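Engineer: The following block contains a protein sequence and its predicted model.
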Amino acid sequence: MNEFLIFYAPFLVVIAGIVLSFFVVLKDDAVTRSEYKESEKTDV
C-alpha cells in the first residue's frame with residue numbers, strides 16, 4: 001500500500017485533476033456560449 005501511495009497516487013491525482021478541469025471548462029457558459037464569442041469579437 002505504501003508503494004502505491006508513494007509512486008502511483010500522485011500521478012493519478014494529477015491526471016484526474018486535468019480531466020476534471022477539462023470537464024469543468026466544457027460546462028462553463030462563458031466559454032461555450034456563441035453569443036459571448038461574437039460580442040467579444042465586435043468589441044475589440
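Structural biologist: All right, it came through fine. Remember, predicted model here, so these are calculated numbers, not experimental data.
Engineer: Below-threshold pLDDT in this structure: ranges please.
Structural biologist: Within the chain, the ranges that satisfy pLDDT under 70 run 31-32, 34-44.
Engineer: Run through the helices of it in chain order.
Structural biologist: 2-3, 9-26, 29-32, 34-43 (DSSP state H).
Engineer: give me every residue that touches the most centrally placed residue in the chain.
Structural biologist: In the chain, the C-alpha nearest the mean C-alpha coordinate belongs to Ser21, at 1.8 Å (Cα atoms, centre = their mean). Listed by Cβ atoms under 8 Å, 6 or more residues apart in numbering, Ser21 has no contact partners. Where C-beta positions appear, they are placed from N, C-alpha and C, glycine not excepted.
Engineer: How much space separates it from Lys27?
Structural biologist: 11 Å (Cβ to Cβ, to the nearest Å).
Engineer: ok, now which ones touch Ile18?
Structural biologist: Contacts of Ile18 (Cβ under 8 Å, 6+ apart): none.
Engineer: Could you give the backbone dihedrals for Asp28?
Structural biologist: phi -80, psi 130 (degrees, to the nearest 10).
Engineer: try Lys27
Structural biologist: Main-chain dihedrals, Lys27, degrees, to the nearest 10: phi -90, psi -10.
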